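**Q** no FASTA, just this:
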């Protein structure tokens with residue numbers, strides 16, 4: 001309903017223009033009109049007004065004024081010379097009502113108009129000038145406007161503090177009252193941030209608008225691109241958008257694209273539907289009784305908005321009874337299952353990591369705080385996550401996840417990050433920390449939708465991830481990351497799933513034998529990776545079974561999506577059936593290649609127990625204890641083998657390659 005105030009402001013300026021220009025034309029012709037507009041009228045409103053085209057006034061009932069090529073100057077600090085311009089302005093006015101009121105205006109028509117509303121870096125408004133005082137302040141002052149028509153025009157808002165621009169294009173806008181007792185019909189077609197929009201609705205009669213004793217009824221429906229919206233209710237002070245009581249509904253697809261138009265980064269989401277009650281006014285608004293369903297997930301709560309502060313403030317407190325994380329796969333560039341939006345084309349480079357850009361080019365010019373508590377969250381495979389708690393803060397353009405904690409599979413996960421958008425110093429920047437403790441893999445992978453081949457997997461897992469990176473897509477974030485990561489598993493069990501990961505002859509070379517449906521026992525798996533510029537190099541990589549211990553070295557290159565790994569088995573006993581061979585893993589993430597080194601087996605037939613290469617560094621053991629809990633199998637096994645005095649044993653193999661391997665390494669022959 002701010003449109004009513006803009007209409008009233010426009011009408012007030014035009015009235016001043018009509019009265020003075022008409023008087024000048026009556027007294028002295030078109031030269032007097034030009035002089036009056038460029039001097040007395042411009043002086044009264046505080047802005048230079050020019051009519052560079054033809055101006056005609058036809059006296060009568062009503063009096064008609066037509067002006068072509070009209071310009072109103074912008075503030076001195078403005079980003080453009082003109083605040084308002086129009087190819088053609090036409091107005092019909094009942095001149096007799098100027099004296100006895102209310103002012104009756106049968107028609108205002110604009111063609112090729114453009115109104116620029118903007119704020120300066122210091123928060124000044126370009127609409128604060130003399131004409132503002134002529135605009136209606138009370139409902140009773142609003143003119144008796146019967147028809148307001150706009151074609152081929154635009155309304156632009158520019159925030160000088162954040163440099164955000166919002167543009168509403170009006171191919172056609174029609175505000176018309178058929179008679180004083182009938183509701184006013186409103187219809188519009190155009191674009192919002194280049195997306196197609198359509199609006200149709202009714203508001204109360206102008207006579208009711210001018211009556212301050214009655215709430216003003218409004219009813220709208222329409223859409224933005226693939227989103228449908230509707231609003232119905234009343235407004236006590238429509239000119240100030242205060243005393244609001246509106247029931248809102250919103251539904252459709254591509255909510256993320258609507259959010260992007262408003263400057264809010266969101267991943268691709270499933271189709272959604274939402275309802276709420278909007279109340280408040282005078283710059284402070286509340287979205288109450290908010291309910292939303294997207295895909296299989298639900299959300300409810302309330303949002304408070306304060307636009308009076310220098311930087312608008314938003315406070316949201318939301319809860320959920322069920323969230324399905326499959327609805328939010330757009331976070332990493334995939335298409336949600338419940339989305340009706342067309343699928344994205346396959347990656348021509350045949351890559352695994354999505355290169356879909358996440359909307360991080362800008363964050364909205366608001367400060368926001370979000371608190372969320374969820375009862376049940378369904379992760380991939382059907383595992384429910386319990387006691388989910390989230391705290392999110394957006395302040396001065398930086399996004400911080402203060403906490404994301406949840407309980408799952410008898411364990412706990414704690415995540416935090418700090419994100420800043422594009423700055424003068426570079427692209428969006430992300431710092432993230434993930435802590436995983438005592439997660440039961442069998443329970444984690446036992447969901448109803450999990451394949452049977454996976455359900456036999458077991459063990460207790462823990463670990464950590466610390467990364468510092470930048471980019472605008474998942475692929476860029478991973479390709480540029482620096483950090484540290486570790487994953488640990490005790491008392492593990494892997495099913496025939498291993499056959500899906502590597503060929504049977506490769507597993508046999510490492511001493512891992514698949515015997516029907518019998519799972520492979522893994523006593524301990526310990527890994528730690530140093531990450532530099534998207535290359536994760538194994539500082540420690542080993543796993544221990546009843547028969548063998550396998551040591552790994554090498555790296556994974558996330559920029560090229562290539563592998564450069566070497567796995568060396570060590571026998572715990574010497575028999576003819578336990579001969580092992582090292583395995584080189586090359587190729588890409590999507591198509592790994594395995595090469596067996598079949599020569600020189602005798603040097604690798606010694607028992608693994610007591611070999612220094614098998615000891616994790618002492619500094620790693622406390623991290624293992626944190627992830628797996630006290631008295632875990634890994635710490636017991638390696639602490640028992642450590643030499644007296646806690647001295648670090650000498651490594652028995654070469655150091656993992658520290659440098660990024662050449663791209664040709666994916667085709668390199670086995671060493």
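**A** Sure, I can see it. As the structure is a prediction and not an experimental result, all values here were calculated from the model.

**Q** Run through the strands of the stretch 401-550 of the chain in chain order.
**A** 411-420, 429-440, 458-470, 482-494, 520-532, 535-544, 548-557 (DSSP state E, counting those that start in this stretch).

**Q** and what of the stretch 251-400 of the chain?
**A** 272-281, 284-294, 297-306, 313-320, 323-324, 367-378, 384-395, 398-408.

**Q** sorry, back to before: I'd like the strands of the stretch 401-550 of the chain laid out as JSON lines, including mean pLDDT and distance to residue 198.
**A** Heads up, the C-betas are built off the backbone N, CA and C, glycines and all. Shown next, in JSON lines, are the strands of the stretch 401-550 of the chain (pLDDT from 0 to 100; distance: least, CB to CB, whole Å):
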{"stretch": "strand 411-420", "mean pLDDT": "88", "distance to residue 198": "35"}
{"stretch": "strand 429-440", "mean pLDDT": "92", "distance to residue 198": "38"}
{"stretch": "strand 458-470", "mean pLDDT": "94", "distance to residue 198": "40"}
{"stretch": "strand 482-494", "mean pLDDT": "92", "distance to residue 198": "48"}
{"stretch": "strand 520-532", "mean pLDDT": "91", "distance to residue 198": "49"}
{"stretch": "strand 535-544", "mean pLDDT": "90", "distance to residue 198": "50"}
{"stretch": "strand 548-557", "mean pLDDT": "90", "distance to residue 198": "49"}
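
**Q** ends of stretch 445-457, how far apart?
**A** End-to-end distance for stretch 445-457, by CA to CA, to the nearest Å: 7 Å.

**Q** typo on my end, stretch 59-77
**A** So stretch 59-77: terminal residues 39 Å apart, CA to CA.

**Q** which of the strands of the stretch 251-400 of the chain sits most buried?
**A** strand 323-324 (a mean of 22; mean count of other CB atoms under 10 Å).

**Q** Return the list of helices and strands in contact with it.
**A** Applying 3 or more CB pairs under 8 Å, 6 or more residues apart in numbering; DSSP states H and E, one finds that strand 323-324 contacts strand 297-306, strand 367-378.

**Q** Could you export the strands of the stretch 401-550 of the chain to a markdown table, including columns for mean neighbour count and distance to residue 247?
**A** Formatted as a markdown table, the strands of the stretch 401-550 of the chain follow (neighbours: other CB atoms under 10 Å; distance: least, CB to CB, whole Å):
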| stretch | mean neighbour count | distance to residue 247 |
| --- | --- | --- |
| strand 411-420 | 17 | 35 |
| strand 429-440 | 18 | 39 |
| strand 458-470 | 20 | 43 |
| strand 482-494 | 20 | 48 |
| strand 520-532 | 20 | 51 |
| strand 535-544 | 21 | 52 |
| strand 548-557 | 21 | 53 |
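
**Q** could those be laid out in JSON lines, adding distance to residue 182?
**A** Shown next, in JSON lines, are the strands of the stretch 401-550 of the chain (distance: least, CB to CB, whole Å):
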{"stretch": "strand 411-420", "distance to residue 182": "52"}
{"stretch": "strand 429-440", "distance to residue 182": "56"}
{"stretch": "strand 458-470", "distance to residue 182": "59"}
{"stretch": "strand 482-494", "distance to residue 182": "67"}
{"stretch": "strand 520-532", "distance to residue 182": "69"}
{"stretch": "strand 535-544", "distance to residue 182": "70"}
{"stretch": "strand 548-557", "distance to residue 182": "70"}
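
**Q** Tell me which of the ones you listed lies nearest to residue 110.
**A** Nearest of the strands of the stretch 401-550 of the chain to residue 110, taken as CB to CB: strand 411-420 at 41.8 Å.

**Q** Need the contact partners of the closest one.
**A** By CB atoms under 8 Å, 6 or more residues apart in numbering, the surrounding residues in contact with strand 411-420 are 360, 397-406, 428-440, 460-462.

**Q** Please repeat the previous calculation with a cut-off of 7 Å.
**A** 397-406, 428-440 (CB atoms under 7 Å, 6 or more residues apart in numbering).

**Q** what's the closest of the helices and strands packed on strand 323-324 to residue 240?
**A** So among the helices and strands packed on strand 323-324, strand 297-306 is nearest, using CB to CB, at 15.7 Å.
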